[in-house]
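Student: sequence and predicted structure below; questions after.
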Amino acid sequence: MRATLPLPLGGTSNHFRRAALVEVGGWDSHNVAEDADLGIRLSRLGYRIGTIDCPTSEIAPSRFLDWRNQRTRWIKGWLQTWLVHMRDPGLTRRQLGWNAFATFQVLFGGMIAASLMHVMFAFHLAAAGYAYAVRGEAYLTAGILAAVDLFNIAIAYTVFIATARLVANDTERPLLRRLWSLWFYWLIVSYAGIRALIQLFRAPHVWEKTPHREPAERS
């Protein structure tokens with residue numbers, strides 16, 4: 001925000017000047033991440049997006065199926081947003097400028113790639129380890145790729161954990177004990193990413209609603 005770079009808007013507490021919202025075409029009813037898409041369209045037409053330092057509380061999905069559908073919808077919407085704005089990359093680059101255009105690629109390309117690549121890294125690393133441990137085979141190319149996979153995964157975990165420890169408030173700090181399960185969480189994110197990719201071709205505009213239930217009271 002301080003660098004005036006494009007932001008994919010979140011799903012809650014967005015505030016607009018009506019004239020600006022109308023000028024950029026309003027909400028795209030065909031994009032299942034219409035808030036993220038709108039943030040890029042506002043930036044393309046020169047509008048600046050800011051943040052209000054006032055937290056918004058929202059109940060997270062409490063069932064795996066609800067979480068899966070939500071992540072699938074988000075990733076499919078990011079894919080749709082990237083594809084729409086890259087139909088004419090030259091025009092998008094001229095409207096955003098080089099820095100904002102690169103930010104758009106990193107934000108959306110990075111989110112999409114991260115959701116799809118983690119399972120590929122993990123699978124190849126496991127396959128290389130199995131080949132070496134069981135069959136005693138260690139091909140140079142497989143070893144190099146396994147080292148790259150391990151490096152990527154280790155760096156990603158380190159950055160994520162360090163960031164979580166840095167930004168966690170007093171309420172969230174007890175959750176840091178669960179960071180050991182990050183590997184599993186990212187694997188199921190990849191599952192949602194693969195599901196989103198399939199849906200993009202088979203049912204691009206299907207919107208799987210996410211119920212947000214009140215947490216059960218403890219007896």
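Tutor: Yes, it's here.
Student: what number of residues lie near Val148?
Tutor: Burial of Val148 is recorded as 13 neighbouring residues (other CB atoms under 10 Å). Where C-beta positions appear, they are placed from N, C-alpha and C, glycine not excepted.
Student: what's the answer for the one 5 residues further on, then?
Tutor: Neighbour count for Ile153, taken as other CB under 10 Å: 17.
Student: what about the closest residue to Leu45 other than its chain neighbours, how many neighbours?
Tutor: Leaving aside its sequence neighbours, Leu45 sits nearest to Val24 (CB to CB, 6 or more residues apart in numbering; 5.6 Å). Other residues within reach of Val24, judged by other CB under 10 Å, total 18.
Student: next: the one 10 residues further on.
Tutor: Taking other CB under 10 Å as the criterion, the count of residues near Glu34 is 20.
Student: which residues does it contact?
Tutor: Each residue near Glu34 by CB atoms under 8 Å, 6 or more residues apart in numbering is listed here: 27-28, 77.
Student: next, format those as JSON lines and append distance to Arg71 and pLDDT.
Tutor: Listed next are the contacts of Glu34 as JSON lines, based on distance: CB to CB, whole Å; pLDDT from 0 to 100:
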{"residue": "Trp27", "distance to Arg71": "21", "pLDDT": "86"}
{"residue": "Asp28", "distance to Arg71": "20", "pLDDT": "89"}
{"residue": "Gly77", "distance to Arg71": "11", "pLDDT": "94"}
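Student: from the residues you listed, list the buried ones, please.
Tutor: 28, 77 (16 or more other CB atoms under 10 Å).
Student: can you redo the contacts of Glu34 as a markdown table with secondary structure and distance to Ile194?
Tutor: Formatted as a markdown table, the contacts of Glu34 follow (DSSP: H, G, I helix; E, B strand; the rest coil; distance: CB to CB, whole Å):
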| residue | secondary structure | distance to Ile194 |
| --- | --- | --- |
| Trp27 | coil | 27 |
| Asp28 | coil | 24 |
| Gly77 | helix | 16 |
